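> this one's sequence-less:
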């Protein structure tokens with residue numbers, strides 16, 4: 001659940017939602033939400049999904065997209081890329097490798 005917690009915290013930060021706002025939207029008590037966000041409590045699945053479903057659609061979409069990216073393997077990602085996207089990725093990798101060569 002740690003990855004979900006980190007991603008949830010990222011959503012709040014990225015969209016500038018306060019824990020109090022999300023608590024009001026979802027009905028999850030603010031103290032439970034705070035303990036969850038700080039890693040002191042694991043929420044039940046129903047509570048966690050209620051938190052997500054209470055947020056605006058753009059935040060939900062971001063969460064689920066990031067979750068899918070996290071679960072995707074590199075092989076799966078590469079097989080769905082267009083040749084142009086793959087070329088761009090390889091150029092980025094080469095650029096990062098040359099930067100690390102200079103710093104070593």
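Thanks, I have the structure now. In this text the structure is predicted, and so the values were computed from the model without any measurement.
> Ranking helices and strands of this structure by mean pLDDT, which lands last?
helix 74-79 (a mean of 76; mean pLDDT, DSSP states H and E).
> and that helix, how far out from the chain's middle?
19 Å (CA atoms, centre = their mean, to the nearest Å).
> What of stretch 80-97?
23 Å.
> what's next to that stretch, contact-wise?
For stretch 80-97, contacts defined as CB atoms under 8 Å, 6 or more residues apart in numbering pick out residue 78. All C-beta atoms are positioned from the backbone trio N, CA, C, and that covers glycine.
> now that stretch: mean pLDDT?
Stretch 80-97 carries an average pLDDT of 88.
> swap in stretch 28-35?
Computed over stretch 28-35, the average pLDDT equals 95.
> now stretch 6-19
Averaging pLDDT residue by residue across stretch 6-19 gives 95.
> For it, buried residues please.
Residues 8, 11, 12, 19 are the ones in stretch 6-19 that count as buried (16 or more other CB atoms under 10 Å).
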